[in-house]
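*Asks:* predicted model, plus sequence, below.
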Amino acid sequence: MKVVHRYDNSIYGSSEEPSFILTNRKGELLFLPAGKATTKFQGAYFNEGNELSKIINNIRLIQEADEVRNNFSNFERAYHGAVERFHMTELGVVYDVENYWGFSQLSLDMRKIYDFSDQGRIYKTYAEKDSLIIEYTKFKDATLKKKDYSLFLVIKGIKTYEKADLWRKESYSYDISRRSNPPELYVYDALRLGVDGNSRIYFAWHNTKKEALKKAKRLQQEANKLISQKAEEAKKATSISFDDSLINFSYLCSRNALLSLNVNVNKVKGIYAGLPWFFQFWVRDEAICLPAMIKEGHDVKDIIFRHLSNIGREGMMHNQFPKSDLKSADSLGWLCHSISLTLDNFSAKEKEMIREKISVAVKALLKYSTINDLAISKAKETWMDTDYGNDAREGARIEIQALRIIIYGLMEKLSSNELDKSFYRNLAYQLCQKVRADFYKNGVLADGFGDFTVRPNCFIAYHVFPGMLQKEEWEKVFDSAIEHLWCDFGGFSTISFDSRLYCPEYTGEDNKSYHRGDSWFYLNHLAAISMLRLDREKYKQQITKILEASAKEILFLGAISFNAELTSANRLKSEGCMAQAWSSATFIELCHELNSYH
């Protein structure tokens, strides 16, 4: 299928199974396939209390599309002259059809996002004045005696319609490939909506009929204003640009993608880790996204102070905000890295608040998570937070040491008296010397104390604290990483090819390949930035291939205009979560780094 991106000019290519995502930055999304559905997570979603419920399964003309177009504030499907245009607003979806006579098929799959029960699912369709209402009731079981929950879809702007009233089994190729159960579900073909040349139809939803009707009425009245606002937001002036259209459009898409994942849910501002299933505030992910936000001119103070207020008694944060079962050993370090980048933008009072919070955290970290000067983490507390084959990365890990030094360094900057400055300076020095003595051997930087498995975490260590080693030493470390981890398409495997745990193909939900082979786009971008800074001429080939691989994935693979979570190590694909915030954010960071050299 042809894929077109249109900004001030256009770029086009082709894709086998493209899809597109639009958000309203209120935690809701429209995620549709350009052609056949590939995953049960595609559809339109309602967000209530940070719990997603699926409403619409798909809306499409009754023929095959041959082109999908990204207009940055909306998406289009094109059908040999006919066009569907989708706008996602804070009130619902505005669906425009041009140059088409016939019917558009509306299929539904109303349910809470992880409710895959096929029992007790009842749809009722009825008209009230100028609105068509579809009421969905989910019962506990097939007896229909005990109601579980309800959802409502209100449609306006319909001239004619026919009831389809058909349950149909849909099979999902992507879910099959990633072993995501169930790989097939029954969806409900509810209506055929009449289209006479040009039409505009409005879809609004809620878990009460009253609120759904209210939203639909406002949507119909305010549609033009809401659409114009989205267009203006998507076309805000950029601070950098590139002559290479592939890179320039990838940067523009990533900028728009990161903005789409910036949400305000339940009066909490933050960055969703990814869509469609990481619709939470993952602390590490948000912290890694902040440098790109800062470079793009966004105020990130709310996110920083929210996380500083959530530091636990042991000096660490939970993996997710406000709470999760796992803790994160690196989130505070990443947060301090971002604070350092924008420290001059904080007032004296704010700096003192930051100092007080981190001071308490450091005392706790020294007590609970430090042995012989080394920063210690428990199983699954680093970004490689899965366990397979007894590989959970507990102990002293290289990137955690670098991030701990960043914490000490920030505290030295924030401290007002020389005694405190000297204290933190000495902590950083002792840890740095310990790393040099225990981690660096014969040109290889250990992934952990006593663990010389080659992994790409050395690039994180360099990215945040290059002073850990000399330039010549870093070159040897990078050269070793390239020898053992480099993927020909342009990226790094998460473990050495000669490891017994290495998996060349993404294995999906079983986590086998997740941190044991899969190539993560965010880490590839950090690696490219690190190689640029260390020796851009020596590593020009690797930097270029990383840039081109990510650009291709962003523009023409998976959920187009978004950077996915990862790809298999043996070939470039769009895999894992379809729209990952830190992938887009670090690509933006890489683009700014490239621009600074130009």
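*Replies:* Yes, it's here. The model shown is predicted, which means the values in this text are computed figures rather than measured ones.

*Asks:* hmm, Leu374 and Leu431 touching each other?
*Replies:* Yes: with contact defined as C-beta atoms under 8 Å, Leu431 reaches Leu374; the gap is 7.0 Å. Every residue, glycine included, has its C-beta placed from N, CA and C.

*Asks:* pull the residues that contact stretch 292-307.
*Replies:* Residues from elsewhere that reach stretch 292-307 (C-beta atoms under 8 Å, 6 or more residues apart in numbering): 239, 255, 258, 262, 268-271, 283, 286-287, 290, 317, 321, 331, 335, 338-339, 341-342, 345-346, 350, 353-354, 584-586, 588-589, 592.

*Asks:* which of the residues you listed fall in strands?
*Replies:* If you go by DSSP state E, the contacts of stretch 292-307 have Asn262, Val268, Lys269, Gly270, Ile271, Met317, Phe321 in strands.

*Asks:* give me the common contacts of Leu431 and Leu374.
*Replies:* Gln401.

*Asks:* list the buried ones in the longest helix that the chain contains?
*Replies:* Longest helix in the chain by number of residues (criterion: DSSP state H): helix 209-234. For helix 209-234, a neighbour-count test (16 or more other C-beta atoms under 10 Å) marks 209, 212-213, 215-220, 223, 226-227, 230, 234 as buried.

*Asks:* what about Lys357, distance to Ser324?
*Replies:* The spacing between Lys357 and Ser324, counted by C-beta to C-beta, to the nearest Å, is 20 Å.

*Asks:* about what we covered before: state the pair within the ones in strands among the contacts of stretch 292-307 that is farthest apart.
*Replies:* The distance between the two most remote of the ones in strands among the contacts of stretch 292-307 (C-beta to C-beta) is 19.8 Å, for Asn262 and Met317.

*Asks:* neighbour-wise, which of these two wins?
*Replies:* Between Asn262 and Met317, Met317 has the larger neighbour count (other C-beta atoms under 10 Å), namely 25 against 17.

*Asks:* which residues sit in contact with the more buried one?
*Replies:* For Met317, the contacting residues are Val283, His307, Asn310, Ile311, Lys327, Ser328, Ser331, Leu332, by C-beta under 8 Å, 6+ apart.

*Asks:* what's across from it in the sheet?
*Replies:* When assigned by DSSP bridges, Met317 has beta-bridge partners Ser328.

*Asks:* Asp148 touches Phe139, doesn't it?
*Replies:* Yes: between Asp148 and Phe139 there is a contact under C-beta under 8 Å: 6.0 Å.

*Asks:* list residues touching both of those two?
*Replies:* Counting by C-beta under 8 Å, 6+ apart, the common neighbours of Asp148 and Phe139 are Gly120.

*Asks:* output stretch 155-175 in CSV with nothing but the alpha carbons.
*Replies:* Taking Å, rounded to 0.1, in the frame of the first residue of the first chain, the C-alpha atoms of stretch 155-175 are listed here in CSV:
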residue,chain,number,x,y,z
ILE,A,155,-23.5,9.0,16.2
LYS,A,156,-24.6,12.3,14.5
GLY,A,157,-24.6,13.4,11.0
ILE,A,158,-26.1,10.3,9.4
LYS,A,159,-28.4,10.7,6.5
THR,A,160,-29.3,7.0,6.0
TYR,A,161,-28.2,3.8,7.5
GLU,A,162,-28.8,0.0,7.5
LYS,A,163,-28.5,-2.3,10.4
ALA,A,164,-26.0,-5.1,9.6
ASP,A,165,-26.4,-6.9,13.0
LEU,A,166,-23.7,-9.5,12.3
TRP,A,167,-21.2,-11.1,14.6
ARG,A,168,-18.0,-11.9,12.7
LYS,A,169,-14.8,-13.7,13.7
GLU,A,170,-11.6,-11.6,13.1
SER,A,171,-8.2,-13.1,13.2
TYR,A,172,-5.1,-11.0,14.0
SER,A,173,-1.8,-11.7,12.3
TYR,A,174,0.3,-9.6,14.5
ASP,A,175,-1.2,-11.1,17.7
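
*Asks:* what pairs with the strand of greatest length in the chain, parallel or antiparallel?
*Replies:* Criterion DSSP E: the longest strand present in the chain is strand 184-206. Using DSSP bridges, the strands paired with strand 184-206 are strand 93-112 (antiparallel), strand 147-156 (antiparallel), strand 161-171 (antiparallel).

*Asks:* thank you, goodbye.
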